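In: need coordinates for the below:
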Amino acid sequence: QVQLVEAGGGLVQAGGSLRLSCVASGSTFNRSAMGWFRQAPGKEREFVAAIRWNGFVTYYADSVKGRFTTSRDNAKNTVFLQMNSLKPEDTAVYYCAAYRPQSWSAVVRGTLPDYWGQGTQVTVSP
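Out: Presented below is the predicted three-dimensional model:
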């Protein structure tokens, strides 16, 4: 079983930055891809970013590419999402997620994660 705890959400003005973190428990973290998803009010949950188990490969939704960066520290079982140049349309609850050990291509094809955090609210004011 994997437990995920996010932190770092909050209120920021458009153009500002926030850094989310997610601490994972469980012995498979270092072999698991990690992902970030978000859900805005009245909308479906959508993919934001993913990072391979070794941290060397990342994948982003087009809507955040060039503005968001995900990274990880396997020694601390922690994954990060650095969000820059935030826009009001980035307002959502952000979720950290963990995949069971599997091929990276499956993650990129859209396989859903197996474990989810509780979410953290990010609000971007105009």
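In: now Thr78. Nearest residue, chain neighbours left out?
Out: Here the nearest residue to Thr78 in space, its sequence neighbours aside, is Val23; by Cβ to Cβ, 6 or more residues apart in numbering that works out to 5.2 Å. Glycine gets a C-beta too; all of them are placed from N, C-alpha and C.
In: quick one: strands adjacent to whichever strand or helix holds that neighbour?
Out: Using DSSP states H and E, Val23 sits within strand 18-25. Take DSSP bridges as the rule and strand 18-25 pairs in its sheet with strand 3-7 (antiparallel), strand 78-83 (antiparallel).
In: so of those, which one's packed in deepest?
Out: Stretch with highest mean neighbour count among those: strand 78-83 (a mean of 23; mean count of other Cβ atoms under 10 Å).
In: okay, stretch 89-108 in CSV with CA atoms only?
Out: Below are the C-alpha coordinates for stretch 89-108, written out as CSV (Å, rounded to 0.1, in the frame of the first residue of the first chain):
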residue,chain,number,x,y,z
GLU,A,89,-7.3,28.6,-15.5
ASP,A,90,-4.8,26.7,-13.4
THR,A,91,-7.1,27.0,-10.4
ALA,A,92,-7.9,23.4,-9.3
VAL,A,93,-7.4,20.8,-6.7
TYR,A,94,-4.0,19.2,-7.4
TYR,A,95,-3.5,15.5,-6.8
CYS,A,96,-0.3,13.6,-6.4
ALA,A,97,-0.5,10.0,-7.7
ALA,A,98,1.7,6.9,-7.8
TYR,A,99,1.8,4.2,-10.5
ARG,A,100,2.5,0.5,-9.8
PRO,A,101,5.9,-0.4,-11.3
GLN,A,102,5.2,-0.7,-15.1
SER,A,103,6.6,0.5,-18.4
TRP,A,104,6.9,4.2,-19.0
SER,A,105,5.1,3.9,-22.3
ALA,A,106,2.0,2.7,-20.4
VAL,A,107,2.1,5.9,-18.3
VAL,A,108,2.4,8.1,-21.3
